[in-house]
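*Asks:* Structure for the following, please:
(chains A and B)
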Amino acid sequence: MAAAPSGSRTRMVTLISKGGRNFKMPEAVALVSSRSCREALDYIEYRGNNTMMIKLLDIDPKPVSMLVNFCNHMAAAATSAASDDAAQRMREWEERFLGDDVDQALLYDLLSAAISIQADGLIDLVCKRVAHMIKGKTPQEIRTILGIQDDLTPDQRDEIRTDNSWIDI
Amino acid sequence: MGKRSLNSEKHMHGTTAKKKRSGLQLSNMPTDILCSIMSKLPLKEAVRTSILSQQWKYHWCCHSNLEFSFTSMLSSHHLGGPITADSRNLMKQEFIERVDAVLKQHSGLGVENFRVWFPFNNGNTDPIERWVNFAVASKTKHLTLNFSSARCIGKPCIFDLRLLDGSVSSHLQYVELSSVFLQLPVGFKGLHLLMSNCNVLEFLRITDCSMLTRIHISHPSNALKHLQVHKCRSLQVMELNFGLITLEYSGPLIPLSPPGTLLLTKISMKPWDSCTALEYIFTELPSTVPRLEMLTLKCHEVERATLPEKLPKFVYLRHLRLELSSGPLEKKVDALDFACLLVAAPFLEKLEFHMWRMVSVNQSYGYGQQLRSIPSQPHCHLRFVDITGFYGQKDQLELALHILRNAAMLEAMKIDPKPSIAAEYGQMQGPFFLDGYQVARDYVLREDKCNVLYIKHVPRKTIEAKFLSGSLWSKLRTLSYGVFV
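*Replies:* Okay, the predicted model is just below:
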């Protein structure tokens, strides 16, 4: 935990989701994962109730709570020693964290939340997940997975094929 | 019936609507997020996404890992059929065309890695120059040019080092050049210019650049921390910068300069010329690298070292790994000589001896000879010892015993009869009169007061079977091992 200034309680960071729900985490936890918190805390002086509020008013509560969950886990992992076991455990946790129950809509909401507080670690994790979803798939399969409409004209399609003639597309 | 179908229709509608929404969500993500996703796909697959939709035509163009190799760019049908000079040329042309096609469409931004692995040779420098210019202009951080091939066909491809400078300060942090003919203008002090402009370059690896004679990286603005130089057979001088931390070198034995003190903490050396490990350690290293923490030395020994009277000390050395190979010798190498390392490195924590010896039939192994011991030299920091290639020869046994007796803080000593390093010269020939495992069990185990010894059970016949021809082995199976007092 970061040392609090004398005479005050532990400093907290509060994320406010859609519907006004609050999700708190200690400042030290936020500092590990969130770049904007690190940068902001250089400038902000805590007043009054010792908590920094970050508004994520267009994001649902579930992704925001997952984000806080992620930050807490990263902060805990940062204190323990690095080892092959620890790395393996982290990988397993990441797989469970973004398991099959996390559908795409939730995934992208989580990504938006991570972008808002510049949680680079989580952004990277979600990007890896999306890449994994589309790796090895044919273009039509990718369109189905990502819900993309094929709006190319035949001419455009030909142009793309010519420019990249070394790949069969 | 009707009701059910209505419900299921509603359900499908819901799912499609959700998919559409998530599709929009993804497409509305910031560009750098989409770039990050694309960059996590192999280049070929990323390019394929250009056909998904209008919006997705150019999302792949900021792919940050441009890795061009035979496997990534040419398809398997190129491998069928006989490989002639013509087909090789065709493949090379095809490779160049494809790389050009990718680079033409690429945005030229956000490139982190630019790697080319392809056996280029015999002139043909234009594409390389184009590509390196692209890499430098796109501010790539990692650049790899690896033109090595299994067969050494023709002259290596010429590459002008000045290309790496660019007009603005370089962004290169990591450079790897293999089998490249480095073109240097007359009077140029080999690699000097590269170093003076590459202010953030931290890692440099040069392999098989046969015309390189000098390496000067002593410019003050150098950020170089890690240098690896392998197989540059014409190298004569290597002048290193002060901030260098690790050095890996294999090639002709050359001095490390400047003779002033360097900050090097980790060195791995594999001199091609035969040298004696102890002589190298005590005469070549001390004044140049006083802060050495880890040393790996691979030597082919031909004779015993003659050491100076007073041995210098390495007070920072924590980990020493020696890979020693030796042939059948008149002046036999004596492993017990290495006991002096315990005195020279008083804070050593981990010590590794990996030995490979060619044993010939005519050598006698001193049956019944007295085991030597040298005066006690207690060592208070050595914790781990790893010995492989423990054939059970007398000098090896004496060394193991000496360490075991003197290392008061030893936590583990591993002895493996089987050699773990490969031999560069010659092959095993003669019979093994000794069984390393048995020798270790019989003579070393009884000195193990603190229960730190671990002897790997590798029977003599396993080692022999690997190296001896069938007929010779069967004759020797009945021989028993020697006896020491």
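
*Asks:* Can you report how many residues lie near whichever residue of chain A sits closest to chain B?
*Replies:* For chain A and chain B, the shortest gap (Cβ to the nearest Cβ) falls at A:Gly147, measuring 3.0 Å. All C-beta atoms are positioned from the backbone trio N, CA, C, and that covers glycine. By other Cβ atoms under 10 Å in any protein chain shown, the residues close to A:Gly147 number 21.

*Asks:* same question, B:Ala305
*Replies:* Applying other Cβ under 10 Å, we find 19 residues neighbouring B:Ala305.

*Asks:* what's the answer for the one 10 residues further on, then?
*Replies:* B:Val315 has 13 neighbours, counted by other Cβ under 10 Å.

*Asks:* swap in A:Thr162?
*Replies:* 9.

*Asks:* which other helices and strands contact the host helix or strand of it?
*Replies:* Assessed by DSSP states H and E, A:Thr162 sits inside helix A:154-163. Judged by 3 or more Cβ pairs under 8 Å, 6 or more residues apart in numbering or on different chains; DSSP states H and E, helix A:154-163 is in contact with helix B:85-105.

*Asks:* which residues does B:Ile158 bridge with?
*Replies:* B:Phe181 (DSSP bridges).

*Asks:* Distance of it relative to B:Met211?
*Replies:* Per Cβ to Cβ, to the nearest Å, B:Ile158 is found 10 Å from B:Met211.

*Asks:* swap in B:Trp131?
*Replies:* Going from B:Trp131 to B:Met211 by Cβ to Cβ gives 22 Å.

*Asks:* more crowded one of these two?
*Replies:* Taking neighbours as other Cβ under 10 Å, B:Trp131 and B:Met211 compare with B:Trp131 leading, 21 against 16.

*Asks:* sec struct for the spatially most central residue of chain B, please.
*Replies:* Centre of chain B computed as the mean C-alpha position; nearest residue by Cα atoms, centre = their mean is B:Glu248, 7.7 Å away. Three-state assignment for B:Glu248 (DSSP: H, G, I helix; E, B strand; the rest coil): strand.

*Asks:* For B:Ala400, grab the count of nearby residues.
*Replies:* Neighbours of B:Ala400 using other Cβ under 10 Å come to 24.

*Asks:* ok, it touching B:Asp416?
*Replies:* No. Judged on Cβ atoms under 8 Å, B:Ala400 makes no contact with B:Asp416 at a distance of 11.7 Å.

*Asks:* Residues in contact with both of those two, list them for me.
*Replies:* B:Ile387, B:Phe390 (Cβ atoms under 8 Å, 6 or more residues apart in numbering or on different chains).

*Asks:* Number of residues surrounding B:Leu445?
*Replies:* 12.

*Asks:* So it belongs to a helix, correct?
*Replies:* Yes. Membership of B:Leu445 in a helix is supported by three-state DSSP.

*Asks:* backbone phi and psi for the closest residue to it other than its chain neighbours, please?
*Replies:* Of all residues not flanking B:Leu445 in the chain, B:Leu453 sits nearest, at 6.1 Å (Cβ to Cβ, 6 or more residues apart in numbering or on different chains). Dihedral pair for B:Leu453: phi -80, psi 140, per degrees, to the nearest 10.

*Asks:* got the residues of chain B near chain A?
*Replies:* B:16, B:18-27, B:29-30, B:33, B:36-38, B:40-42, B:44-45, B:47-57, B:73, B:94, B:97-98, B:101, B:104-105 (Cβ under 8 Å from any Cβ of the partner chain).

*Asks:* Mind checking which of the residues you listed are buried?
*Replies:* Buried members of the residues of chain B next to chain A, scored by 16 or more other Cβ atoms under 10 Å in any protein chain shown, are B:19, B:22-23, B:25-26, B:29, B:33, B:36-38, B:40-41, B:45, B:47-53, B:56-57, B:73, B:98, B:101, B:105.

*Asks:* in chain A, what spans have low per-residue confidence?
*Replies:* Applying pLDDT under 70 to chain A flags residues A:1-9, A:44-50.

*Asks:* Flag every residue of it that's near chain B.
*Replies:* A:103-105, A:107-109, A:111-112, A:115, A:123-124, A:127-128, A:130-131, A:134-136, A:139, A:142-143, A:146-152, A:156-157, A:160-161, A:163-167, A:169.

*Asks:* Buried ones among the residues you listed?
*Replies:* The neighbour count (16+ other Cβ under 10 Å) marks A:104-105, A:107-109, A:111-112, A:115, A:123, A:127, A:130-131, A:134, A:139, A:142-143, A:146-148, A:152, A:160, A:163-164, A:166-167 as buried among those.

*Asks:* Which of those residues fall within strands?
*Replies:* Judged by DSSP state E, strands contain none of those.

*Asks:* Counting only helices, which of these make the cut?
*Replies:* A:104-105, A:107-109, A:111-112, A:115, A:123, A:127, A:130-131, A:134, A:139, A:142-143, A:146, A:160, A:163 (DSSP state H).
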